[in-house]
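Peer 1: pasting the sequence and the predicted coordinates here, then a few questions.
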Amino acid sequence: MLVEEIMNSNVTFIRPKTTIREAMDIIQDMNIRHLPVVDNDTLVGLITARHLSNACPSTIKNNENTKDLHTQVTTIMKRNIITAHPLDFVEDAALTMYENHIGSLPVLQNNKLIGMITESDILRTLIELTGIAHPSSQIEVEVEDRTGLLADVSTIFKENNVNVSSAFVYPSKDPTKKKLIFRVTTMDPRLIVEAIKKAGYRVVWP
């Protein structure tokens, strides 16, 4: 899955001359946490709710009309922005966010801001990929770490006419094994579990 498939294309942004007060109002009114700063179609910075809180915590708490509120966002915005490309894989974007401890990635194409991807987008995508939002059951099978076993176990679902909505491969605590995590569109997986066991595989869950 690509970043362009899950990013928000309707991006709210501000200009360098925007004041801290104006940025605060936009973040609060639109219930967002990240505001790109754009100048002549070029991304020049990023403001987050945390930047605003760190810049003037007492001002925000007391809603005081102080000089700080009329300062331009350029004084507190982050300038060295990590970005993504619309054709990046979602998992690469997620890894970038995780490794750099950031909550969003502006998406640039030809140096122009065309979207934003946030932690919420990543989480929503994970939920959709696992199929957990729909009535289903999870089956976890531990197998030897060798080629072809995912296909072999998947055949059991086909033979028993059980639809698989998602399948993932995870490492096991035993380095010689791996775990196959299936989500199937049935609320009663007992028959397919028995079929998997009968085929000689270890079912860890249920």
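Peer 2: That came through fine.
Peer 1: mind splitting the protein into its structural domains?
Peer 2: Residue ranges of the domains in the chain are recorded as 3-126, 132-205, according to automatic domain parsing.
Peer 1: avg pLDDT for the last one?
Peer 2: Averaged across domain 132-205, pLDDT comes to 92.
Peer 1: in this structure residue 122 contacts residue 93, no?
Peer 2: Yes: judged on Cβ atoms under 8 Å, residue 122 makes contact with residue 93 at a distance of 7.4 Å. C-beta here means a position set from N, CA and C on the backbone, and glycine is covered the same way.
Peer 1: any chance of TSV for the domains of the chain, columns mean neighbour count?
Peer 2: Compiled in TSV, the domains of the chain are given as follows (neighbours: other Cβ atoms under 10 Å):
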stretch	mean neighbour count
domain 3-126	16
domain 132-205	14
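Peer 1: give me the contact list for stretch 78-86.
Peer 2: Residues lying outside stretch 78-86 but in contact with it, judged by Cβ atoms under 8 Å, 6 or more residues apart in numbering, are 2-4, 7, 43-48, 51, 93, 96, 100, 102, 105-109, 114-115, 117.
Peer 1: so which of the residues you listed belong to helices?
Peer 2: The helices, defined by DSSP state H, take in 3, 4, 51, 93, 96, 100 from those.
Peer 1: can you tell me the closest non-neighbouring residue to residue 202?
Peer 2: Counting by Cβ to Cβ, 6 or more residues apart in numbering, residue 202 lies nearest to residue 142, which is 4.8 Å off, once chain neighbours are set aside.
Peer 1: and the residue positioned nearest the centre of the chain, how close does it get to residue 72?
Peer 2: With distances taken as Cα atoms, centre = their mean, residue 122 lies nearest the centre of the chain, 1.3 Å away. Going from residue 122 to residue 72 by Cβ to Cβ, to the nearest Å gives 31 Å.
Peer 1: ranges for the strands of the protein?
Peer 2: Using DSSP state E, the strands of the chain run over 34-39, 42-48, 104-109, 112-118, 137-144, 164-171, 177-184, 202-205.
Peer 1: which other helices and strands does the shortest one contact?
Peer 2: For strand 202-205, the packing partners by 3 or more Cβ pairs under 8 Å, 6 or more residues apart in numbering; DSSP states H and E come out as strand 137-144, helix 190-198.
Peer 1: and of those, who's closest to residue 88?
Peer 2: Nearest of those to residue 88, taken as Cβ to Cβ: strand 137-144 at 29.0 Å.
Peer 1: in its sheet, which strands sit next to that closest one, and in what direction?
Peer 2: Each strand that pairs with strand 137-144, with its direction, by DSSP bridges: strand 177-184 (antiparallel), strand 202-205 (antiparallel).
Peer 1: quick one: contacts for the closest residue to residue 157 other than its chain neighbours?
Peer 2: Closest residue in space to residue 157, ignoring its immediate chain neighbours: residue 164 at 5.2 Å, by Cβ to Cβ, 6+ apart. Contact criterion Cβ under 8 Å, 6+ apart gives 154, 157, 182, 183, 184, 185 as the residues in contact with residue 164.
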